[in-house]
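> Pasting a predicted model and its sequence here:
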Amino acid sequence: DTEVTQTPKHLVMGMTNKKSLKCEQHMGHRAMYWYKQKAKKPPELMFVYSYEKLSINESVPSRFSPECPNSSLLNLHLHALQPEDSALYLCASSSSGAGDGYTFGSGTRLTVV
Amino acid sequence: GQNIDQPTEMTATEGAIVQINCTYQTSGFNGLFWYQQHAGEAPTFLSYNVLDGLEEKGRFSSFLSRSKGYSYLLLKELQMKDSASYLCAVPWTGFQKLVFGTGTRLLVSP
């Protein structure tokens, strides 16, 4: 299995809703990431988990809450989002090796109304 | 900090060759990645350069000059399906985070 699977593919939520994005990989990668990508912009890093511990938080607002239940799963809990949070949310994973690269999921297209 | 720049848009004709440049400034260097991203889809890995020189992989080649802080992606025999965004990216903080360049949208026309 060489894929990163993200669910759901599309999500529409109101500003008072609570929802979660899910990400799963079975490549044995020990680092997992959340990126946010606005239209016509490059992905921007939000969070990094290394060996199931949060290692980097790029000053993301607390309405985004990451969780890594085990080495294969990564969640992003969403609460009280704003319309400007509408974006493509990408999950990625990587091994500790250099040239292995980062494997990205196909993303969740989030619309906040 | 890091600063990674690419041209915003490029156009080319089917069958032609196009070179997409990337300049970077980082306080540490652990190689440079190129990714392809079709609209609304995941970035997909194209290449990774850590040493100077040209690496060829089918129709795609990637070049790196560490002394100049410069890389390019060369796409030969362009096809319509090559219309996509091309992102260079540099690992930061060891390999803990991948920082992307501004991205280049390539449009291939018949």
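Perfect, I can see it now.

> ok, is the lowest-mean-pLDDT helix or strand in chain B in contact with chain A or not?
Least confident helix or strand, chain B: strand B:97-100 with a mean of 88, by mean pLDDT, DSSP states H and E. Yes: in terms of C-beta under 8 Å from any C-beta of the partner chain, part of strand B:97-100 sits within range of chain A, namely B:97-100. The way it works is simple: take the backbone N, C-alpha and C, and place the C-beta from them, glycine included.

> now what about that strand, what contacts it?
A:33, A:42-45, A:48, A:56, A:92, A:94, A:102, B:2, B:4, B:33, B:35, B:87-92 (C-beta atoms under 8 Å, 6 or more residues apart in numbering or on different chains).

> after it comes which helix or strand?
Sequence-wise, the next helix or strand downstream of strand B:97-100 (DSSP states H and E) is strand B:104-109.

> so how far is that next one off the chain centroid?
Taking the mean of its C-alpha atoms, strand B:104-109 sits 13 Å from the chain's own mean (C-alpha atoms, centre = their mean, to the nearest Å).

> Which residues in it does the neighbour count mark as buried?
By neighbour count with 16 or more other C-beta atoms under 10 Å in any protein chain shown, strand B:104-109 contains the buried residues B:104-106, B:108.

> For chain A, which residues are neighbours of chain B?
By C-beta under 8 Å from any C-beta, the residues of chain A that approach chain B are A:4, A:31, A:33, A:40-45, A:48, A:50, A:55-56, A:88, A:90, A:92, A:94, A:96, A:98-99, A:101-107, A:109.

> Now, these that are in helices?
Judged by DSSP state H, the subset of the residues of chain A next to chain B located in helices is empty.

> PyMOL command for the buried members of those residues?
Filtering these down to the buried ones (16+ other C-beta under 10 Å) takes a single PyMOL command:
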select buried, chain A and resi 4+31+33+42+43+44+45+48+50+56+88+90+92+94+101+102+103+104+105+106+107+109
